[in-house]
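Chemist: got a structure for you, letters missing:
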């Protein structure tokens with residue numbers, strides 16, 4: 001039996017990393033969704049009150065961000081496992097100088 005080649009090892013490593021990210025993003029999304037539901041339950045009758053409006057808006061922002069991260073992780077994992085395309089590298093940060 002032969003050893004897997006370096007590209008196969010790299011792909012397997014990348015696949016495992018993307019799966020780890022996908023699972024973490026799913027957990028974050030589920031937590032954000034639950035938090036949003038809790039806020040709705042707590043402040044549902046206060047939608048006209050500033051506290052209720054702010055709390056609900058923050059929860060929705062967190063949920064939307066978590067969903068976007070989950071969707072990206074799923075897309076990256078699918079692109080690699082189904083189409084053989086690795087994810088694009090993250091954009092470089094601008095130099096603060």
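Modeler: That came in fine, so what should we check first? Computed from a predicted structure; not experimentally measured.

Chemist: how many other residues sit next to residue 36?
Modeler: Counted with other C-beta atoms under 10 Å, the neighbours of residue 36 add up to 20. For the C-beta atoms, the positions are set from N, CA and C on the backbone; glycine is no exception.

Chemist: Identify the residue nearest it in space, chain neighbours excluded?
Modeler: Spatially, and ignoring its direct neighbours in sequence, residue 36 is nearest to residue 59 (4.1 Å; C-beta to C-beta, 6 or more residues apart in numbering).

Chemist: Just list the residues touching that neighbour, thanks.
Modeler: By C-beta atoms under 8 Å, 6 or more residues apart in numbering, residue 59 lies in contact with 32, 35, 36, 38, 39, 40.

Chemist: Output the residues you listed in CSV, with secondary structure appended to each entry.
Modeler: Conversion of the contacts of residue 59 to CSV gives the following (DSSP: H, G, I helix; E, B strand; the rest coil):
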residue, secondary structure
32, helix
35, helix
36, helix
38, helix
39, helix
40, helix
